Structure formats: structure tokens, C-alpha cells
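> 3D model of this:
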Amino acid sequence: MSSPAAASPPLHSATTSFDTTPEPLRLAGLAVARGGVPVLAGLEAEVVPGEALILRGPNGSGKTTLLRTLAGLQPPAAGTIAPGAEAMAYASHADGNKATLTVQENLGFWARLHGLADIAPALAAFDLAPLADRPAAALSAGQKRRLGLARMVLTRRPVWLFDEPTVSLDRDAVARFAAAVTEHLCRGGLAVIATHIDLGLPHARTLDVTPFRATAAPGDAAHAADAFADDDGSAYL
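As a prediction, this is how the structure comes out:
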């Protein structure tokens, strides 16, 4: 007798409730490191549902490392983060698009991954409907960025994390991004965004990470160059 097929996740609309109940994001005594080199230490912050936290600081100050730690891609060096990574959705520098798939196929993959049936809200939020049948490889840099950001609408995660999300976006696309985040906040979601521009978000606070820069031990200096670069040699923090 054949075994029963695995049950598929229930499908929802993209405007459904979050898959976990939004709760405050709390950082307590948080320290983060890259490649074993201390980057930030002593971070204390609380972000409540409906609120955005804007990360500021010069290049290399630790914003990306902090976001990666919040997303669960690396463990904290010290301190605690609550809730855990299961509440987070992270949009990094990379767009996360599959080049050979069309726009709607890329979004369809993310929708199914998160138990959703409808990608229309994501298409509408970033004006991607006219590009729905175009392969991701054929998109401009700004269009690829819009596609990468649109998948966040489909995650059903209450905490959105963004690393310089407006890179390659024109003024209209920046406004669309800000509108999508605003809607997320109005539904009770939270956002942590590393950006150098003013997005005009409601209920947004700023955290400058510069005062929390950690002091590396003398022995760490030899490893710093490797720690602060990714595989292609570009700045990682």
C-alpha cells in the first residue's frame, strides 16, 4: 500500500494574519561579531508592534552584522534577542531572485514556501504586474531589487529586516517600498531597516550603532581584513 502524501501547508491570502503573533522585539546586552572579531557590544533596544527602527552608522559600523544576527544567520556573541528568528524575514544586499524564473514564478516560489495562494498583492505593491512574465535575468537592477523586496509581502513574518533596501531604486520605487513597510506597520508588524535616507515612515525611531562599536582585542587585528569582507572581497558589514 502506498504511503499517504505529505500534507501541504494551508494556503492563505497575502493579507492574512502573521504566522506568529507580533510581539516586541527586545535586544538585551547584545553583542555581535564577524569571523570571530567583535563588532558591536552592549546593544539594548525595544521595538514595539507598529514601529520601525532605523539603523544608522557609517559603512563598516556593524549594521549588516547586526541584521544577520537578528535574522538567525549567525549566533550572537553575547546577550539575547526575542522573539527568535522564526519571527523574522530578512532582505539582504542580495536580491535572492532565481535568474531563470520569471517574476511571477519567483514570487510563486516564495508564496508557496510561506503557505500563500496569491501573489497579486506583492505584484501590486512593487508595480511588477507588467513584468510578471519576464525572466529575472532580463530585469534591470532596479526591477530586480523591486522583485527581491516584493517577496517580503509574502512571508507572513511580523518582523521585517532590511539592509539598504533602496539601493538601485528610483524615486517612485522608494515611495512604493515605504508604502509597503507602512502598511506592514499598520497591520501590527515591526521593521528594522539599515538605510541612509529618510523614508518618512510613521512611528520610526533611529538607532545609531556607532557608540556600540566593540573594541577588538590585539590578537583580533590580524583577522580583521578577512572578517570584514565577503567572498568577492567587498565590504560585508
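> Mean pLDDT per helix and strand in this structure: which one sits at the bottom?
With mean pLDDT, DSSP states H and E as the measure, the helix or strand of the chain carrying the lowest mean pLDDT is helix 224-227 (a mean of 46).
> ok, the residue nearest the centre of the chain to residue 75 distance?
The centroid of the chain falls nearest to residue 90 when counting by C-alpha atoms, centre = their mean (2.5 Å). Separation of residue 90 from residue 75 (C-beta to C-beta, to the nearest Å): 15 Å. In short, each C-beta sits where N, CA and C put it, glycine included.
> if we can go back for a sec, contacts only, for the residue nearest to the centre of the chain.
67, 68, 70, 71, 73, 161, 162, 163 (C-beta atoms under 8 Å, 6 or more residues apart in numbering).
> The fourth one - how many residues pack around it?
As a burial measure, the neighbour count of residue 71 was computed by other C-beta atoms under 10 Å and equals 19.
> wait, doesn't it sit right on residue 87?
No: between residue 71 and residue 87 there is no contact under C-beta atoms under 8 Å: 10.3 Å.
> my guess is residue 190 meets residue 162, correct?
No: using C-beta under 8 Å, residue 190 makes no contact with residue 162, being 11.7 Å away.
> pLDDT score assigned to residue 215?
On pLDDT, residue 215 comes in at 83.
> Near it, how many other residues are there?
There are 7 residues near residue 215, going by other C-beta under 10 Å.
> One more: residue 81?
When neighbours are counted by other C-beta under 10 Å, residue 81 comes out with 21.
> go on, residue 101?
15.
> For it, grab phi and psi.
phi -90, psi 150 (degrees, to the nearest 10).
> What of residue 128?
Torsion angles, degrees, to the nearest 10, at residue 128: phi -100, psi -10.
> could you list every residue that touches it?
By C-beta under 8 Å, 6+ apart, the neighbours of residue 128 are 103, 107, 122, 143, 146, 147, 150.
> pretty sure the first one is touching residue 144, no?
No: counting by C-beta under 8 Å, residue 103 sits too far from residue 144 to count as a contact (9.7 Å).
> Give the intersection of the neighbour lists for these two.
residue 136.
> The two: who's more crowded?
Using other C-beta under 10 Å, the more surrounded residue of residue 103 and residue 144 is residue 103, with 28 against 20.
> Any figure for the gap between that one and residue 151?
From residue 103 to residue 151 the distance is 11 Å (C-beta to C-beta).
> all helices of this protein, in order?
63-70, 103-113, 120-125, 141-150, 171-186, 224-227 (DSSP state H).
> Out of the ones you listed, which one sits most buried?
Highest mean neighbour count among those (mean count of other C-beta atoms under 10 Å): helix 63-70, with a mean of 24.
> number of nearby residues for residue 31?
Residues near residue 31, counting by other C-beta under 10 Å: 17.
> Over to residue 36?
With other C-beta under 10 Å as criterion, residue 36 counts 12.
> Would you list the phi and psi of it?
According to degrees, to the nearest 10, residue 36 has phi 90, psi 0.
> Much appreciated, bye for now.
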